[in-house]
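Asks: what follows is a predicted structure for the sequence shown.
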Number of protein chains: 6
Amino acid sequence: METWLPTLKTGTPEEGYNLAVKLARKAVGMIQPDENVRNVLRPAYASDPTNLTFASQVVAIHFQTVAAANNYWND
Amino acid sequence: METWLPTLKTGTPEEGYNLAVKLARKAVGMIQPDENVRNVLRPAYASDPTNLTFASQVVAIHFQTVAAANNYWND
Amino acid sequence: METWLPTLKTGTPEEGYNLAVKLARKAVGMIQPDENVRNVLRPAYASDPTNLTFASQVVAIHFQTVAAANNYWND
Amino acid sequence: METWLPTLKTGTPEEGYNLAVKLARKAVGMIQPDENVRNVLRPAYASDPTNLTFASQVVAIHFQTVAAANNYWND
Amino acid sequence: METWLPTLKTGTPEEGYNLAVKLARKAVGMIQPDENVRNVLRPAYASDPTNLTFASQVVAIHFQTVAAANNYWND
Amino acid sequence: METWLPTLKTGTPEEGYNLAVKLARKAVGMIQPDENVRNVLRPAYASDPTNLTFASQVVAIHFQTVAAANNYWND
């Protein structure tokens, strides 16, 4: 069985940030599972400054979680 | 007596993410308990990019809680 | 003297979630103490998808607090 | 010298919640120090469901801080 | 070399709150460095109830950080 | 191989704040990778008071992470 989220551990902060972006996008796909609808929404979405800021905020919240899970990569 | 939330513990991060989605949806059902109303709202809701981002944010906040409850699945 | 919030401790995660909903509602009542006004606002409020998501977010933040106060019900 | 915030410690969770409301209001007064303007804004503010939810969210964030400062009143 | 943020330590909770307000304002100045533009925006900004609440929320998030940095002034 | 985020450690709180701003901006660039589009959006974005506040909020969330990663620069 495959999983899209085997662990919160990453080797580097940058990989942790990328995982945060993935975590933010996943919920959108779960709430709107129709890929065609998402493809229609994406251009408008990514050209609206407020939406971009909101999306950045979701990434920030997930990055808190990922960073804590990795003890801030201090080990 | 049944409970919809017996524990915050999950076996894997992915199951934890799914629980976060469930926690986000539960409040909506408690505030708007009329399923017919929710069914009417859902299509518009899931086709609005800003709403999708906001919903993703609620999932992110709950995922912080679930991840902490599971010690980030590091045990 | 009665208090509406004697403790953050709850027996189960589900009771903790219910307490988070109560905490979210309380502030609304303190900022808009006129029950008649709140009764007028409620139907529109509970039928607006964005409002429902915002309300779910407040519950999520309080649930973080309640869950931490209960050590995530791991004891 | 008087201070409006001598401590984050409170005797009970309810007093902690009241302090969270005070903390939420304080910033509004600092950003808009003109009391006349605030008095004009208040009725509209407290009758807008989305504003009420946003205000409840600020209280929730401060309540996290106050609850942590009091070790969730578990001592 | 001068710094606008030498430390997160403050002597009192009130000073910590003032630092949180400063932290909230700093980002605005970094994103919109033109003081003339900010001066034009400020009156409308400070007279919009929703903006005031959003600004109060940013202060609340920074106050969490400052309070944690000071161990909630419990030492 | 270069990385834009080698570490969350910074020498001073001010450098930590600057890193938080960088973290906030990075997600915007990942979601809207077309620099021309971002250049078109930026002026309107930075002149809208609500957007400025939202952007400040994302910085605040990242600053929580960076500050925790540096043990609030208390060491």
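Replies: Received, thanks.
Asks: ranking helices and strands of chain A by mean pLDDT, which lands last?
Replies: helix A:35-46 (a mean of 90; mean pLDDT, DSSP states H and E).
Asks: assign residue A:22 to helix, strand or coil.
Replies: Three-state assignment for residue A:22 (DSSP: H, G, I helix; E, B strand; the rest coil): helix.
Asks: number of residues surrounding it?
Replies: 14 (other Cβ atoms under 10 Å in any protein chain shown). Yep, even glycine has a C-beta here, placed from its N, CA and C like the rest.
Asks: around chain B, which positions in chain A sit nearby?
Replies: Neighbours of chain B within chain A, by Cβ under 8 Å from any Cβ of the partner chain: A:3-9, A:23-28, A:30-32, A:37, A:41-42, A:44-45, A:48, A:50-51, A:54-55, A:57-58, A:61-62, A:64-65, A:68-69.
Asks: show me which of those are buried.
Replies: Burial by neighbour count, 16 or more other Cβ atoms under 10 Å in any protein chain shown: within those this picks out A:5, A:8-9, A:23-28, A:31-32, A:41, A:45, A:48, A:51, A:54-55, A:57-58, A:61-62, A:64-65, A:68-69.
Asks: right, is stretch A:11-31 up against chain C?
Replies: No: counting by Cβ under 8 Å from any Cβ, chain C is not contacted by stretch A:11-31; separation bottoms out at 10.0 Å.
Asks: mean confidence score for the helix or strand hosting residue A:15?
Replies: Residue A:15 belongs to helix A:13-31 when elements are defined using DSSP states H and E. Helix A:13-31 shows a mean pLDDT of 97.
Asks: elements contacting it?
Replies: When contacts are defined as 3 or more Cβ pairs under 8 Å, 6 or more residues apart in numbering or on different chains; DSSP states H and E, helix A:13-31 packs onto helix A:49-69, helix B:13-31, helix B:49-69, helix F:13-31.
Asks: give me the residues contacting it.
Replies: A:4-5, A:8, A:10, A:38, A:55, A:58-60, A:62-63, A:65-67, A:70, A:73, B:17, B:21, B:46, B:52-53, B:55-56, B:59-60, B:63, F:3-8, F:23, F:26-27, F:30 (Cβ atoms under 8 Å, 6 or more residues apart in numbering or on different chains).
Asks: please name the residues that touch the nearest residue to residue A:49 once chain neighbours are set aside.
Replies: What sits nearest to residue A:49 in space, not counting adjacent residues and going by Cβ to Cβ, 6 or more residues apart in numbering or on different chains, is residue F:45, at 3.9 Å. Neighbouring residues of residue F:45 by Cβ under 8 Å, 6+ apart: A:49, A:53, F:51, F:55.
Asks: ok, residue A:59 next?
Replies: A:17, A:20-21, A:24, F:27.
Asks: kindly recompute the last result at 6 Å.
Replies: Residue A:59 makes contacts with A:20-21, A:24, F:27, as judged by Cβ atoms under 6 Å, 6 or more residues apart in numbering or on different chains.
Asks: do you know the pLDDT at it?
Replies: 98.
Asks: could you find the closest non-adjacent residue to it?
Replies: Per Cβ to Cβ, 6+ apart, closest to residue A:59 is residue F:27, 4.2 Å.
Asks: now do residue A:46
Replies: residue F:32 (4.5 Å).
Asks: check contacts around that neighbour.
Replies: Residue F:32 touches A:46, A:52, F:38, counting by Cβ under 6 Å, 6+ apart.
Asks: likewise for residue A:55?
Replies: Per Cβ under 6 Å, 6+ apart, neighbours of residue A:55: B:53, F:31.
Asks: for residue A:37, same thing?
Replies: Residue A:37 neighbours (Cβ under 6 Å, 6+ apart): residue B:47.
Asks: again, 10 Å this time
Replies: B:43, B:46-47, B:52 (Cβ atoms under 10 Å, 6 or more residues apart in numbering or on different chains).
Asks: from those, pick the one nearest chain E.
Replies: residue B:52 (20.3 Å; Cβ to the nearest Cβ).
Asks: could you find the closest non-adjacent residue to the closest one?
Replies: residue A:28 (4.8 Å).
Asks: mind checking how far the one you found is from chain E?
Replies: Applying Cβ to the nearest Cβ, to the nearest Å, the value for residue A:28 to chain E is 23 Å.
Asks: then residue A:59?
Replies: 15 Å.
Asks: ok, now residue A:6?
Replies: 31 Å.
Asks: tell me the secondary structure at that residue.
Replies: Quick answer, by three-state DSSP: residue A:6 is coil.
Asks: how close does it sit to chain C?
Replies: 22 Å.
Asks: next one: residue A:22
Replies: 20 Å.
Asks: hang on, the earlier thing: pipe the contacts of residue F:45 into TSV and attach pLDDT per row.
Replies: Conversion of the contacts of residue F:45 to TSV gives the following (pLDDT from 0 to 100):
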residue	pLDDT
A:49	91
A:53	95
F:51	92
F:55	96
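Asks: ok, so of those residues, who is nearest chain E?
Replies: Nearest to chain E among those, with distances taken as Cβ to the nearest Cβ, is residue F:55, at 5.2 Å.
Asks: endpoint to endpoint, stretch A:40-55 covers what distance?
Replies: 17 Å (Cα to Cα, to the nearest Å).
Asks: fine by me, thanks again.
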